[in-house]
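Peer 1: Kindly generate the corresponding structure for this input.
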Amino acid sequence: MAGKKSEKRKYSHSRQLLDKRLGLLLMVPIAAVIFGITGIPFIRALYLSFTNKVVGVPEQFIGFDNYLALFGDKIYWKSLYNTIIYTVGCITAKLALGLLLAVILNQKFRGKAFFRTALLIPWALPGMVAATTWRWMYDSTYGIINSLLLKAGLISLPIPWLSDPDITLLSTMLVNVWRGIPFFMFSLLGALQTLDGQIFEAAYVDGAGMFKRFWYITLPGISSVLGISTLLSTIWTFNDFENVFLITGGGPIYSSSVISTYTYDLAFIQNSFGRALSVAVSVIPLMVILILVSQKVISGDGIE
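Peer 2: Residues are numbered from 1 along each chain as shown. Below is the predicted model:
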């Protein structure tokens, strides 16, 4: 009897080992395709960042010259600073407003279906359409925003939303927040609807107030969705190019320039692909840190 059990265990172990090897073997073609699409171009770009590559001329290896030049590049540091402000500011606003709207839409009230549909529009619009529309709305002469503010008597002169270096970055951030709120809102709304209502009822009976129920029950219950949503949005916002480029182009005088638009400027305006790639590669460690911090802060372990 013992011999039969031993044989069964050996058979089960060998079967599991075989299934594991088969699974790894079946993953090889997929891994090869992914590496061919992303891995090879990344390695090529990494190599070119150590060269003086320009269009139409064979590259020459110049070592760390491109990276060393970044230390004295004021525009690079300005773009990096703007990128951090842009990412942190937009993520904070999108997370807070998205969570607030998700909590509101999780309640029962008349017209909830209409508001759900209407609030999805910013996320559903193509980025080019949204950015172009907002650029027209921001226009200091014909824009509807200044027109409404003037008619309401809130301002006496049109606000130069896209030409004042002090507010151009804020103008692009507002558009990013407007477009990104629905992603957080619907992601968190789905998580809220999976929570057990009996837990809230029990907490209410025990005397827990609205804030305590939210902090100790709601947030821990949706912490995993919070983490994933924040992680994805952090990556998207840090690399946002379309929104900034179409609204301000990084100007005026690089006041709204971010890493993505500065990379474009170096590569396609100044025809310096080597320097452009060094700029892009240099921020990879920073993006990794931002991702790790966002996971740590919003993860379930960080919400007690």
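Peer 1: Going by C-alpha atoms from here, please, whenever you check contacts or count neighbours.
Peer 2: Will do.
Peer 1: In contact with Leu101: list those residues for me.
Peer 2: By CA atoms under 8 Å, 6 or more residues apart in numbering, the contact list for Leu101 reads Met185.
Peer 1: quick one: secondary structure of it?
Peer 2: helix (DSSP: H, G, I helix; E, B strand; the rest coil).
Peer 1: How confident was the prediction at it?
Peer 2: You'll see Leu101 listed with a pLDDT of 92.
Peer 1: That one and Tyr262, how far apart?
Peer 2: 34 Å (CA to CA, to the nearest Å).
Peer 1: and if you look at Leu226?
Peer 2: 31 Å.
Peer 1: what do you get for Thr141?
Peer 2: For Thr141, the distance to Tyr262 - CA to CA - is 28 Å.
Peer 1: Neighbour count: the two, which is higher?
Peer 2: Tyr262 (25 against 13; other CA atoms under 10 Å).
Peer 1: which stretches of the stretch 51-200 of the chain form helices?
Peer 2: 65-70, 74-105, 112-124, 127-138, 144-151, 168-192, 197-205 (DSSP state H, counting those that start in this stretch).
Peer 1: looking at these, which is buried most?
Peer 2: Per-stretch averages of neighbours, counted by mean count of other CA atoms under 10 Å, single out helix 168-192 among those, with a mean of 22.
Peer 1: ok now that helix, how far from the chain's centre?
Peer 2: Using CA atoms, centre = their mean, to the nearest Å, the distance from the centre of helix 168-192 to the centre of the chain it belongs to is 10 Å.
Peer 1: helices and strands around that helix, which ones?
Peer 2: On a contact count with 3 or more CA pairs under 8 Å, 6 or more residues apart in numbering; DSSP states H and E, helix 168-192 meets helix 74-105, helix 112-124, helix 223-238, helix 242-247.
Peer 1: Of these, give the one that comes closest to Arg179.
Peer 2: Nearest of those to Arg179, taken as CA to CA: helix 112-124 at 4.8 Å.
Peer 1: what's the spacing between that closest one and its chain's center?
Peer 2: 21 Å.
Peer 1: Counting by contacts, list what it packs against.
Peer 2: Counting contacts by 3+ CA pairs under 8 Å, 6+ apart, helix 112-124 is packed against helix 168-192.
Peer 1: follow-up on the earlier one: reformat the helices and strands packed on helix 168-192 as a markdown table; add distance to Leu188.
Peer 2: Listed next are those as a markdown table, based on distance: least, CA to CA, whole Å:
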| stretch | distance to Leu188 |
| --- | --- |
| helix 74-105 | 6 |
| helix 112-124 | 13 |
| helix 223-238 | 7 |
| helix 242-247 | 24 |
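Peer 1: Report pLDDT for Ile303.
Peer 2: Ile303 is assigned 42 on the pLDDT scale.
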